[in-house]
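Enquirer: here is the input, now give the coordinates:
(one chain, ligands or ions: 1)
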Amino acid sequence: MYHFIANPNARSGQGLALWEKIKLKLIAEHIDYQIHFTHHRHHATEIAAELTASGDPVTIVVLGGDGSVDEVICGLQNLSLVTLGYIPIGSGNDFGRGLALPSDTMKALDLVLHSEQTRKINLGVLHYHDKVHRFAVSSGIGYDAAICHQLCISRVKVFFNRLGLGKLAYAACSLYRLRRCQPDEMEILLDDTKRLHFKRVFFASAFNLPYEGGGCKFCPDAKPDDDLLDFIVIANVPKIIALAILPTVFSGKHTRLPGVHIFRCKKAEVHSKIALPVHSDGEPIYLQKDVSFSLEPETLKIIT
Ligand SMILES: Nc1ncnc2c1ncn2[C@@H]1O[C@H](COP(=O)(O)OP(=O)(O)OP(=O)(O)O)[C@@H](O)[C@H]1O
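Expert: Numbering: from 1, shown residues only. Take a look at the predicted model:
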């Protein structure tokens, strides 16, 4: 039995129409399934928690964007008994991109239904105050999170999604937020031993997969099954250089530029002098000064 958790609102409202196409194929192939639509933010977390509470093996298929994946993994219990399939119908789809899953809806469905291959992946964990929040792709503090916060409140994403140009929404918000960004000091501690101090930090982010922001390859070498996080800090360069770095992240060539610092670790603690936006898989986690990133001890099985 496949449990589909579907965000009808993904890609600015196109999720429902895509589900109708999927449903026809499931019926035609006599697939045993249940559909669970999300009705509000964080609903996918509640559904995932209910589906995995019993302690029986369960196959869950997420139909949505990176935000939906994030909400589902945050609800999962008994990780070792869960098999997760993913049909990317969001605007960013960096989870699917990072795992090289098909971007075409029907091809992704075909893979979920007929592939016999699975891959065990790590899940990241963001810690803030006394709270934890899992992430599948990336989580960060500063400028990249400010872009995510902006995307959530602006109409730009809806506008570009209607034109089928969802990625441009991220580009537009990146430029808008860069003008307003005030880089400030951060203390960073990696694996309890390596202490770093940066004076003018744009952002500091932990990556489980290479891409965020709809295809920006910030950590080109991040692997989801190496039991490590790739940790990037963009700091100590003038804004004009930060602006020059932005287009190079699509090719991954930014790693050679000044101001780009990439580390590999199991745990990163960040203490920012000022409260800054935080995100987990693009979902806003308010403003924070102290956050840390680590890995979930258990892995999650993904249909690939
Ligand atoms: N029924 C709903 N109505 C309104 N918002 C919803 C509903 N279901 C889920 N959401 C919210 O929609 C947000 C975005 O969802 P999702 O990530 O699936 O799509 P997307 O934003 O188009 O894709 P991406 O995250 O890849 O850019 C999530 O924060 C989720 O909480």
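
Enquirer: if we ignore the residues flanking it in sequence, what's nearest the residue in the chain that the ligand sits nearest to?
Expert: The ligand sits closest to Gly65 of the chain, with a gap of 2.0 Å, by Cβ to the nearest ligand atom. For every residue, glycine as well, the C-beta is placed using N, CA and C. For Gly65, ignoring the flanking residues on the chain, the nearest one in space by Cβ to Cβ, 6 or more residues apart in numbering is Gly90 at 1.6 Å.

Enquirer: how many residues are close by the one you found?
Expert: As a burial measure, Gly90 scores 26 neighbours (other Cβ atoms under 10 Å).

Enquirer: hmm, it is touching Ser68, no?
Expert: Yes: under the criterion of Cβ atoms under 8 Å, Gly90 makes contact with Ser68 at 6.9 Å.

Enquirer: got any residues that touch both of these two?
Expert: Common contact partners of Gly90 and Ser68 (Cβ atoms under 8 Å, 6 or more residues apart in numbering): 7, 10.

Enquirer: what does the stretch 151-300 of the chain put close to the ligand?
Expert: Within the stretch 151-300 of the chain, the residues that sit near the ligand (Cβ under 6 Å from any ligand atom) are 282-283.

Enquirer: quick revisit: from Asp32, how far off is the residue nearest to Gly65?
Expert: 26 Å (Cβ to Cβ, to the nearest Å).

Enquirer: could you show me where the helices are in the stretch 201-304 of the chain, in order?
Expert: 239-248 (DSSP state H, counting those that start in this stretch).

Enquirer: where in it is pLDDT low?
Expert: Applying pLDDT under 70 to the stretch 201-304 of the chain picks out no residues at all.

Enquirer: how about the strands in it?
Expert: 229-235, 260-265, 268-280, 283-295, 300-303 (DSSP state E, counting those that start in this stretch).

Enquirer: just name the most buried of those.
Expert: Among the strands of the stretch 201-304 of the chain, strand 229-235 has the highest mean neighbour count (mean count of other Cβ atoms under 10 Å), at a mean of 25.

Enquirer: re earlier: wait, doesn't the residue of the chain closest to the ligand sit right on Pro88?
Expert: Yes: between Gly65 and Pro88 there is a contact at 7.0 Å, judged by Cβ under 8 Å.

Enquirer: contact partners of stretch 175-192?
Expert: By Cβ under 8 Å, 6+ apart, stretch 175-192 touches 142-143, 146-147, 150, 195-202, 204, 231, 233, 235, 239, 242-243, 246, 263, 265-274, 276.

Enquirer: from His261, how far off is Ile22?
Expert: Taking Cβ to Cβ, one finds Ile22 at 42 Å from His261.

Enquirer: do the same with Asn161
Expert: Distance from Asn161 to His261, by Cβ to Cβ: 33 Å.

Enquirer: show me where the stretch 51-200 of the chain has its helices.
Expert: 66-75, 94-98, 105-114, 143-153, 156-162, 166-180.

Enquirer: domains of the chain?
Expert: 2-116, 125-296 (automatic domain parsing).

Enquirer: gap between the two ends of the shortest one?
Expert: Think domain 2-116. End-to-end distance of domain 2-116 (Cα to Cα, to the nearest Å): 15 Å.

Enquirer: next: the last one.
Expert: Start and end residues of domain 125-296 are separated by 6 Å (Cα to Cα).

Enquirer: now do stretch 112-127
Expert: So stretch 112-127: terminal residues 32 Å apart, Cα to Cα.

Enquirer: from the chain's centre, how far out does it sit?
Expert: Chain-centre distance of stretch 112-127: 13 Å, with Cα atoms, centre = their mean, to the nearest Å.

Enquirer: for that stretch, what is the average pLDDT?
Expert: The average pLDDT within stretch 112-127 is 97.

Enquirer: please point out which parts of it sit buried.
Expert: 112-113, 121-127 (16 or more other Cβ atoms under 10 Å).

Enquirer: and stretch 1-21, by the same measure?
Expert: Across stretch 1-21, burial judged by 16+ other Cβ under 10 Å covers 2-12, 14-15, 18-19.

Enquirer: Arg179 - how many residues pack around it?
Expert: Arg179 has 8 nearby residues by other Cβ under 10 Å.
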